[in-house]
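K.L.:
This is a predicted model, with the sequence first.
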Protein chains: 2
Amino acid sequence: MKPEIDYTLYLVTDRELMAAATIEECVEQAVLGGCTVVQLREKNASSREFYQTAINLRELTKRLNVPLIINDRVDIALAVNADGVHIGQGDLPYNEVSRIIGPDKIVGVSVSNLAEAQFAASQGADYLGVGAMFATGTKTEADLTSMDELRRIREHITIPIVVIGGINKDTIPLFKGTGIEGIAVVSAVVAQKDTAGAARELKSLLQAV
Amino acid sequence: MKPEIDYTLYLVTDRELMAAATIEECVEQAVLGGCTVVQLREKNASSREFYQTAINLRELTKRLNVPLIINDRVDIALAVNADGVHIGQGDLPYNEVSRIIGPDKIVGVSVSNLAEAQFAASQGADYLGVGAMFATGTKTEADLTSMDELRRIREHITIPIVVIGGINKDTIPLFKGTGIEGIAVVSAVVAQKDTAGAARELKSLLQAV
């Protein structure tokens, strides 16, 4: 059976942006500060480094009782028995990912507009990462998703929606009334020296949204 | 059951070095010229591009009746039902790869010395890629494997050995009497305008070795 996931404060790692010395330390602080789910994203690591970090995070997230999602690499998700995988439009197609990873794992899909959202939901995606909502350092070339488009997606889609891209304490209030399940954070948490404190502050802002 | 593989002339693709306009054309010509097995190696492609090329090569290699091996990405090997996967020392560990890909698929391992060769063989690898034998454009930083080390590996290892790294018409004769099962070629085939002719010439040189 697929795990139940609390998408409220969804952490996405970034080795280049993080303030902590290691991914493991970064994730531990972020979860202690209130992150409810962790996605390991590695864009430049070798497969072995990616795998080794995933092994470490699997142990850590089990201990901290939060789910672990692996970005893109279904084989690494399987190797470390992660809770699921997150794929973008440039990764393997959903139907192949779903077949390989099996029925007990979460598959999330990045979408930037209603057409992609409807397609992903119709295929069986467990949740959507919608964005990028605002311009960011991690997704410089991404076409942005407007708040109007987000509202259209919410009207048509019942699976959980997590917004991503430039989400921080200044932009969180803009999501009031949009009916999303959570926000995904990268630099707003991992790039902050007080990683746990940053997560805690965002979490408290989310209570109001 | 694992497929039987003729390792004689083992093609490894290289998108940057190839003379042909597409990987598909390159592979078709190389196989028509005599390559007996194809490894798709993509170092800079997105997962989706890698997958799409793998799908195309799966169809092509089935039609041409040669096995298809995927470099590194076990998930892509599974997604396209390739005949196996090839892993290096920086990829996922053998035992995880073997578990994920299942008992009916080939798993090859790159090794550069006897210790790595013995470890890979003891774990159950189906064949070894030994090298780099000579300095090349594709493996500039690799420590080279000496002919003496290759002979030591052959003495201790019974699974098929394919040498790789700088193998071309000038270096093929050096392998006479080494007892290897095949040679892996990259630029000596893919970078040649007459890709099929280059494969044909190497194949005929191999008859003498």
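P.N.:
On my side now, so go ahead.
K.L.:
all contacts plus neighbour counts: C-alpha atoms, from now on.
P.N.:
Noted.
K.L.:
Need the single longest helix in chain A, by residues.
P.N.:
Counting by DSSP state H, the longest helix found in chain A is helix A:47-64.
K.L.:
Which parts of that one count as buried, going by neighbours?
P.N.:
Across helix A:47-64, burial judged by 16 or more other Cα atoms under 10 Å in any protein chain shown covers A:47, A:48, A:50, A:51, A:52, A:53, A:54, A:55, A:57, A:58, A:60, A:61.
K.L.:
State the pLDDT value of the last one.
P.N.:
Confidence at residue A:61, expressed as pLDDT, is 98.
K.L.:
if I pick it, what's in contact with it?
P.N.:
For residue A:61, the contact set (Cα atoms under 8 Å, 6 or more residues apart in numbering or on different chains) comprises A:38, A:67, A:68.
K.L.:
tell me the SS of residue A:45?
P.N.:
Of the three states, residue A:45 takes coil under DSSP: H, G, I helix; E, B strand; the rest coil.
K.L.:
rewinding a little: using TSV, please lay out the contacts of residue A:61 together with distance to chain B.
P.N.:
Shown next, in TSV, are those (distance: Cα to the nearest Cα, whole Å):
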residue	distance to chain B
A:38	21
A:67	21
A:68	18
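K.L.:
what about residue A:160, how many neighbours?
P.N.:
19 (other Cα atoms under 10 Å in any protein chain shown).
K.L.:
I should have written residue A:13 there, sorry.
P.N.:
25.
K.L.:
try residue A:2
P.N.:
Number of residues near residue A:2 (other Cα under 10 Å) recorded here: 13.
K.L.:
so what's the closest residue in space to it that isn't next to it in sequence up against?
P.N.:
Sequence neighbours aside, residue A:104 is the residue nearest to residue A:2 in space, at 4.5 Å (criterion: Cα to Cα, 6 or more residues apart in numbering or on different chains). Residue A:104 makes contact with A:1, A:2, A:3, according to Cα under 8 Å, 6+ apart.
K.L.:
and the least confident of the residues you listed?
P.N.:
Per-residue pLDDT puts residue A:1 lowest of the contacts of residue A:104, at 87.
K.L.:
Okay, residue A:88 and chain B: tell me how far apart.
P.N.:
Using Cα to the nearest Cα, to the nearest Å, residue A:88 is found at 9 Å from chain B.
K.L.:
what's the neighbour count on that residue?
P.N.:
With other Cα under 10 Å as criterion, residue A:88 counts 19.
K.L.:
Residue A:120 too?
P.N.:
23.
K.L.:
Contacts for the helix or strand that contains it next, please.
P.N.:
Residue A:120 is part of helix A:114-123, with elements assigned from DSSP states H and E. Here helix A:114-123 makes contact (Cα under 8 Å, 6+ apart) with A:94-95, A:109, A:111, A:127-128, A:149-150, A:152-153, A:156-157, A:159.
K.L.:
residues from chain A in reach of chain B?
P.N.:
Selection of chain A residues close to chain B by Cα under 8 Å from any Cα of the partner chain yields A:46-49, A:51, A:72-76, A:78-79, A:89-93, A:96-97, A:100.
K.L.:
any low-confidence regions in chain A?
P.N.:
Residues of chain A that meet the criterion pLDDT under 70 lie in A:137-142.
K.L.:
show me where chain A has strands.
P.N.:
Under the criterion DSSP state E, chain A carries strands at the ranges A:9-12, A:37-40, A:68-71, A:84-87, A:106-111, A:127-131, A:161-164, A:182-185.
K.L.:
Need those in a markdown table (columns: mean neighbour count).
P.N.:
Formatted as a markdown table, the strands of chain A follow (neighbours: other Cα atoms under 10 Å in any protein chain shown):
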| stretch | mean neighbour count |
| --- | --- |
| strand A:9-12 | 25 |
| strand A:37-40 | 25 |
| strand A:68-71 | 27 |
| strand A:84-87 | 26 |
| strand A:106-111 | 25 |
| strand A:127-131 | 26 |
| strand A:161-164 | 25 |
| strand A:182-185 | 24 |
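K.L.:
could the ones you listed go into CSV alongside distance to residue B:187?
P.N.:
As requested, the strands of chain A are exported to CSV (distance: least, Cα to Cα, whole Å):
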stretch, distance to residue B:187
strand A:9-12, 39
strand A:37-40, 36
strand A:68-71, 33
strand A:84-87, 33
strand A:106-111, 37
strand A:127-131, 41
strand A:161-164, 43
strand A:182-185, 44
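K.L.:
Could you report the distance from residue A:38 to residue B:34?
P.N.:
Using Cα to Cα, to the nearest Å, residue A:38 is found at 49 Å from residue B:34.
K.L.:
Over to residue A:125?
P.N.:
44 Å.
K.L.:
Next: residue A:10.
P.N.:
Taken as Cα to Cα, the span from residue A:10 to residue B:34 is 52 Å.
K.L.:
got it, and residue A:110?
P.N.:
Residue A:110 is 43 Å from residue B:34, by Cα to Cα.
K.L.:
Can you report how many residues lie near residue A:112?
P.N.:
Residue A:112 is flanked by 25 other residues according to other Cα under 10 Å.
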